[in-house]
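Student: Build the 3D model from these lines:
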Amino acid sequence: MADNTTPDIIYTKVDEAPELASASFLPIIQTFAKAAGVSVGSKDISLAGRILATFPEVLTEDQRQPDHLAELGKLVKTPEANVIKLPNISASVPQLVAAIKELQSQGYALPDYVETPQTDAEKAIRAKYDTIKGSAVNPVLREGNSDRRAAKPVKAYAQSNPHRMGDWSKDSKTRVASMSAGDFYSNETSATLGSDSDARIVLTARDGTETVLKDGLSYPAGTVVDATFMSASALDAFLEEEIARTHKEGTLFSLHMKATMMKVSDPIIFGHAVKCYLKPVFDQYGDALEKAGVTPNSGLGDLLERVKDKPEITAAIDRVMADRPPMYMVDSDKGISNLHVPSDVIIDASMPALIKAGGKGWGPDNKEHDTNCVIPDSSYAPVYDETINYFKETGKLDPATAGTVQNIGLMAQKAEEYGSHPTTFEIPHAGTVKMVLADGTVLHSHEVEQGDIWRSASTRKAPIKDWVQLAIDRQKAEGCEAIFWLDETRAHDAELIAYVKPILEAKGLTDTFRIMAPREATRATLETIREGKTSIAITGNVLRDYLTDLFPILELATSAKMLSIVKLMNGGGLFETGAGGSAPKHVQQLMEQNHLRWDSLGEFCALGESLQFLADARNNEKARVLGKAVDAATQGILDNSRSPSRKVGEPDNRDSHYWFARYWAEALAAQTEDTEIAAHFAPIAKALTDQEDAITKELATAQGTEVDLGGYYHTDPAKTESVMRPSATLNAIIG
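Tutor: Numbers count the residues shown, from 1 in each chain. Modelled structure (predicted):
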């Protein structure tokens, strides 16, 4: 152990389906790990946990919770770090508000989230809540760059058991629409600092009045600092044009963004889309809507709820909706549209799913239709545009023969967290935004109008160099195609290329790696995997986020089964377990039918890597034996089709955990490297085998009825354990 209080492995407590699965799986891990002298603890980085940790002053002594995220933030900067990170909620405002209300209903005296704070006290509360929104966890924990790929047994299983892919037609009307001017891409400027420097961001009004938007910024030498803005008027004109064009083409209108990770910029853009779609309603009833507390950024669902007792407005909404193109639906059965909630449609999940389905999206008529995929900013829209164009030309990908795309992502030390930094602003009045260095140098300057969205992001020298070396190491291990997805005509990418090229030249690797703009890299990579080969995509942080869903969903049908290793820059390890985008629907099914279809394969893969890493770091050979056996158990799950079914009455997540425990115990009992371990697990393996009928019957009997978890964001531990560990026989064997 690192010290008297830090467990050897930290398994994060998160939200929704991954956390429910943990209630079943973590006791198994802890019991098995104990036999190797390995302690496995937990830290709460869930949305509810982070809220409670932020407001200790309003809670009773028993209700207070330590700031586990801050604790982990310190741990990941040490060589002792070994963290298994499950996907957590990156909260949109509606999710944050819902979590606060739930906690309040449970007796926690938390203050309300005020959308438009007026008093200093309200502003202070809002500022504290804003630290919880969006991608608040990942920048704290990711003190290293990302190495993400499909584990070999997972890829082999996907090829032997290919998932269904939708057929593409050359005549498909599905397309991607993005802005050609006035967006973040076109307005971007970038510079690399020659020396350490402090900076501030200032808005100078047309009358010369100065407003300091952000002070106290500090960057080390070599940092790439970007700044850009999106024109609100250009955005509105683009959206209005695309709504009209969608209607003319007879397709679905869909907006694809990431209001969770891009917690400042994208909710604003989402709000513009809501207003544009219902423009006649806002033009006629704007004052009444404002009086009702309507905030377009919160979505159509919130708007409809606030005006449900105003028949004149609801009738006007119905008329406008009937005259607009039909919307892409999140849940057509329940009438939940693309514009209902900003966190419901996340681009890195929604676009791959649509592409996998042959370019089809679900409409309000509960049928599939071609779709206009509106991605306002053109920075990464070409990736999806080129993918759609490619499949229109060549037809769908065959998962049985497709190769694989690995990713090396630049994300350490908050690299490129576009739109989620505290350096993103909705401009209050027209003027000039400048980033000014301590010596008076104006690093960036943009003329802006009221309502424009200005943002800055930075990427430090040390993470960039580490990223390039990680790419070199991975390419050497694989011996395959490797592409830096960088556009020399884009300001930020040009600064990164100035780092990349000299490193490759110094190592004699200029012919080994290619540097290509995202559109060209997309086509080259698709051609590579169609031939059954491997490609390594070396990307910045946002594109890492997008590609590590796009290609896995095409290859494996899901991104939740990816192996995700973060080699922390100070020597520790962070092992991520995949995406959680479908988690809300999984929870809904569990609560209604007591069936959890969440697949813990990502957790299995991360656990094996974590144990192997621990063995190397602590010279613990028993941990290595456990890690090897995890790989065998994972293979057993795949070979014997023990993953969860989607349908109630069939094996679910809890069944897969039983089988994993059994295969793990059998592998440990059978191995010959450690006789003590083998002797310990032999009776456990026998009991799990002998009691198969009793265990599977108890698990099956639990299904089919509604269950009470005591909450959604903040579940009751005892109730959750009762639901997720329903087999008394299994519990007795595991302990």
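Student: from the middle of its chain, how far away would stretch 85-95 be?
Tutor: With CA atoms, centre = their mean, to the nearest Å as the basis, stretch 85-95 stands 8 Å off its chain's centre.
Student: which stretches of the stretch 451-600 of the chain have low pLDDT?
Tutor: Scanning the stretch 451-600 of the chain for pLDDT under 70 picks out the ranges 578-582.
Student: Just the mean pLDDT for stretch 221-241, thanks.
Tutor: In this model, stretch 221-241 has a mean pLDDT of 98.
Student: Likewise for stretch 182-199?
Tutor: Mean pLDDT, taken over the full extent of stretch 182-199, equals 97.
Student: For that stretch, measure first residue to last.
Tutor: Terminal residues of stretch 182-199 are spaced 26 Å apart (CA to CA, to the nearest Å).
Student: With stretch 643-653 instead?
Tutor: Stretch 643-653 has its terminal residues 7 Å apart, counting by CA to CA.
Student: Please apply the same query to stretch 611-629.
Tutor: Stretch 611-629 end-to-end distance (CA to CA) = 10 Å.
Student: Which positions within it qualify as buried?
Tutor: By neighbour count on 16 or more other CB atoms under 10 Å, the buried set for stretch 611-629 is 611-615, 617-618, 620, 622-629. For glycine as for every other residue, the C-beta is placed from the backbone atoms N, C-alpha and C.
Student: Find the pair from those residues with maximum spatial separation.
Tutor: For the buried residues of stretch 611-629, the maximum inter-member distance is 18.8 Å, found between 617 and 629 (CB to CB).
Student: Where helices are concerned, which of the buried residues of stretch 611-629 count?
Tutor: Filtering those for membership in helices, criterion DSSP state H, returns 611-615, 617-618, 622-629.
Student: Between those residues, which sits nearest residue 290?
Tutor: Lowest distance from residue 290 to those (CB to CB) belongs to residue 613, with 54.0 Å.
Student: Mind pulling up the pLDDT for that closest one?
Tutor: 95.
Student: who's in contact with it?
Tutor: If you count contacts by CB atoms under 8 Å, 6 or more residues apart in numbering, residue 613 has them with 82, 573, 575.
Student: at 6 Å what do you get?
Tutor: Taking CB atoms under 6 Å, 6 or more residues apart in numbering as the criterion, residue 613 is in contact with residue 573.
Student: again, but for residue 140
Tutor: Contacts for residue 140 (CB under 6 Å, 6+ apart) come out as 69, 73.
Student: SS state for the residue of the chain most remote from its centre?
Tutor: Most distant from the centre of the chain: residue 207, at 42.5 Å, with distances by CA atoms, centre = their mean. Three-state assignment for residue 207 (DSSP: H, G, I helix; E, B strand; the rest coil): coil.
Student: And it, its phi and psi?
Tutor: phi -90, psi 10 (degrees, to the nearest 10).
Student: do you know how far it is from residue 520?
Tutor: 46 Å (CB to CB, to the nearest Å).
Student: likewise residue 593?
Tutor: From residue 593 over to residue 520 (counting by CB to CB), the distance is 47 Å.
Student: Then residue 96?
Tutor: In this view, residue 96 and residue 520 are 39 Å apart by CB to CB.
Student: Compare neighbour counts for these two and give me the winner.
Tutor: More crowded of residue 96 and residue 520, by other CB atoms under 10 Å: residue 96, with 23 against 15.
Student: what's around residue 225, how many residues?
Tutor: Around residue 225 there are 25 residues (other CB under 10 Å).
Student: Can you show me the helices along the stretch 51-200 of the chain?
Tutor: Taking DSSP state H, counting those that start in this stretch, the helices of the stretch 51-200 of the chain run over residues 68-75, 93-105, 120-130, 138-141, 152-160, 184-187.
Student: One more: the stretch 551-700 of the chain?
Tutor: 583-593, 601-618, 621-639, 653-670, 675-690, 692-701.
Student: for the first one, which positions count as buried?
Tutor: When burial is assessed from 16+ other CB under 10 Å, helix 583-593 yields the following buried residues: 583, 584, 586, 587, 589, 590, 591, 593.
Student: Compile the residues you listed into a markdown table and extend it with columns for distance to residue 603.
Tutor: What follows is these, written out as a markdown table (distance: CB to CB, whole Å):
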| residue | distance to residue 603 |
| --- | --- |
| 583 | 13 |
| 584 | 19 |
| 586 | 14 |
| 587 | 17 |
| 589 | 19 |
| 590 | 17 |
| 591 | 21 |
| 593 | 22 |
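Student: got a list of contacts for stretch 305-319?
Tutor: 281, 285, 292, 293, 294.
Student: In helices, which of those fall?
Tutor: 281, 285.
Student: Could you check how far residue 418 is from residue 202?
Tutor: Taking CB to CB, one finds residue 418 at 21 Å from residue 202.
Student: So for those two, which residue has more residues nearby?
Tutor: Counted by other CB under 10 Å, residue 418 and residue 202 do not tie: residue 418 has more neighbours, with 26 against 19.
Student: excluding its backbone neighbours, what's nearest that one?
Tutor: Nearest non-adjacent residue to residue 418, counting by CB to CB, 6 or more residues apart in numbering: residue 457, 5.1 Å away.
Student: The one you found contacts residue 415, correct?
Tutor: No: Residue 457 lies out of contact with residue 415 (CB atoms under 6 Å); the separation is 8.1 Å.
Student: next helix or strand past the helix or strand containing residue 502?
Tutor: Using DSSP states H and E, residue 502 maps to helix 491-506. Going down the chain from helix 491-506, the next helix or strand is strand 513-516, by DSSP H and E.
Student: so what does that following strand touch, helix or strand wise?
Tutor: If contacts are counted by 3 or more CB pairs under 6 Å, 6 or more residues apart in numbering; DSSP states H and E, strand 513-516 sits against strand 481-485.
Student: How about residues contacting the strand it packs on?
Tutor: Here strand 481-485 has contacts from 475, 500, 513-516, 518, 521, 528, 535-539, 543, using CB under 6 Å, 6+ apart.
Student: between the residues you listed, which is nearest residue 569?
Tutor: residue 538 (17.2 Å).
Student: Distance of that closest one relative to residue 562?
Tutor: From residue 538 over to residue 562 (counting by CB to CB), the distance is 16 Å.
Student: cool, and residue 234?
Tutor: 36 Å.
Student: cool, residue 572 as well?
Tutor: From residue 572 across to residue 562, the span is 20 Å (CB to CB).
Student: still on that earlier bit, Serialize the contacts of stretch 305-319 to TSV and add fields for distance to residue 392, pLDDT and neighbour count.
Tutor: Shown next, in TSV, are the contacts of stretch 305-319 (distance: CB to CB, whole Å; pLDDT from 0 to 100; neighbours: other CB atoms under 10 Å):
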residue	distance to residue 392	pLDDT	neighbour count
281	36	97	22
285	42	96	20
292	44	93	16
293	44	93	13
294	40	94	21
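Student: from the contacts of stretch 305-319, which is closest to residue 725?
Tutor: residue 293 (42.8 Å).
Student: how many neighbours does the closest residue to the closest one other than its chain neighbours have?
Tutor: Spatially, and ignoring its direct neighbours in sequence, residue 293 is nearest to residue 306 (5.7 Å; CB to CB, 6+ apart). Neighbourhood size, residue 306 [other CB under 10 Å]: 17.
Student: Before we move on, what's the pLDDT of residue 306?
Tutor: At residue 306, the model reports a pLDDT of 95.
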